[in-house]
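# Got a predicted model here, sequence first, then my questions.
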Amino acid sequence: QQQVKQSPQSLIVQKGGISIINCAYENTAFDYFPWYQQFPGKGPALLIAIRPDVSEKKEGRFTISFNKSAKQFSLHIMDSQPGDSATYFCAGLKETSGSRLTFGEGTQLTVNP
Amino acid sequence: KAGVTQTPRYLIKTRGQQVTLSCSPISGHRSVSWYQQTPGQGLQFLFEYFSETQRNKGNFPGRFSGRQFSNSRSEMNVSTLELGDSALYLCASKPLAEYNEQFFGPGTRLTVL
C-alpha cells in the first residue's frame, strides 16, 4: 500500500513542447505530494509540491494536476527547454510520519533542441 | 548558506567489509534523513534522525544503522557489505521535524566488489 507508480520511464520532447509525467499512489494516508528533479551527479531537488485539497498548482512553467478520487497526479512542463533534461521523481508523504518519502520509479526526460 | 555535504563522494569496498558515510546538514537544520538510490529499486528511505533520536526507519536489514550527533551531523554505517549494497546513498536535511521540504546532498557512491 506504500507504492507510487510513475510513468513513462523515459520521455523525449522537442524544445518548446509539453512534457507530461504521471503518477499513481496507493496509500490514501499520503497528504503531501512533491516532485523532485535530479541532474546527473546531484541529489534530487524539490521542484513543486501539492496537497490533496488542491486540484492544481502552477509555478512558472511547472504545473501539478491532482485527482484525489483517482489517486493520480501529474507534472506538466510547459515550453520544455534543453535545460529541463533531467530525471524527475514524484513522491508521496504522510506528514505525521516525518521525512519518509515514498518515491516513484523516476522518468528520464530529454528535451531536444 | 552551504548545502548538504556528504563525504566521501566515492567509495569502493569489498564484500564483508563495513563502511561509514558522513553527512553534514545545512546549518540550522536539525532533521537528517538517509535514502538509498539504485537503478533497480529506485529511491528508498533508510532512516530519519532528529535531535539525535531516530524518528523513523525504512525496511532495511539491521546491517544498516545510523546516528546523529549533537551538532546535527549524521553518519550511517553498513556492516558486512553485500554486492547489492552498491548504490548512491543520499542524505537530506530540513530545519524542523514538521517541515516538509527536504534538501538533498550530492550523495556518496558506494561500490561493493
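Happy to help now that I have it. Numbering: from 1, shown residues only, chains lettered A, B, ... in the order given.

# where are the low-confidence patches of the chain?
I went with chain A, as the question did not name one. A:1-2 (pLDDT under 70).

# wrong one, I was asking about chain B
In chain B (pLDDT under 70), no residue qualifies.

# Single out the residue in it that lies closest to chain A.
Closest residue of chain B to chain A, CB to the nearest CB: B:F104 (3.1 Å). For the C-beta atoms, the positions are set from N, CA and C on the backbone; glycine is no exception.

# Kindly state the beta-bridge partners for that residue.
B:A92 (DSSP bridges).

# which residues sit in contact with the residue nearest to the spatial centre of chain B?
For chain B, B:W34 is the residue whose C-alpha lies nearest the centre (CA atoms, centre = their mean; 3.3 Å). Shown in contact with B:W34 (CB atoms under 8 Å, 6 or more residues apart in numbering or on different chains): B:23, B:45-48, B:66, B:74, B:76, B:89-92.

# just to revisit the earlier point, and the residue of chain B closest to chain A, how many neighbours does it have?
23 (other CB atoms under 10 Å in any protein chain shown).

# Quick check on residue 17: phi, psi?
This is for chain A. phi -80, psi 180 (degrees, to the nearest 10).

# Actually, chain B is the one I wanted.
Note on B:Q17: its backbone torsions stand at phi -80, psi 170 [degrees, to the nearest 10].

# and residue 50, bridged to which residues?
No chain was given, so I picked chain A. In this structure, A:I50 bridges to A:F33 when assessed by DSSP bridges.

# that's the other chain; I wanted chain B
Counting by DSSP bridges, the residues bridging with B:F50 are B:S31, B:T53.
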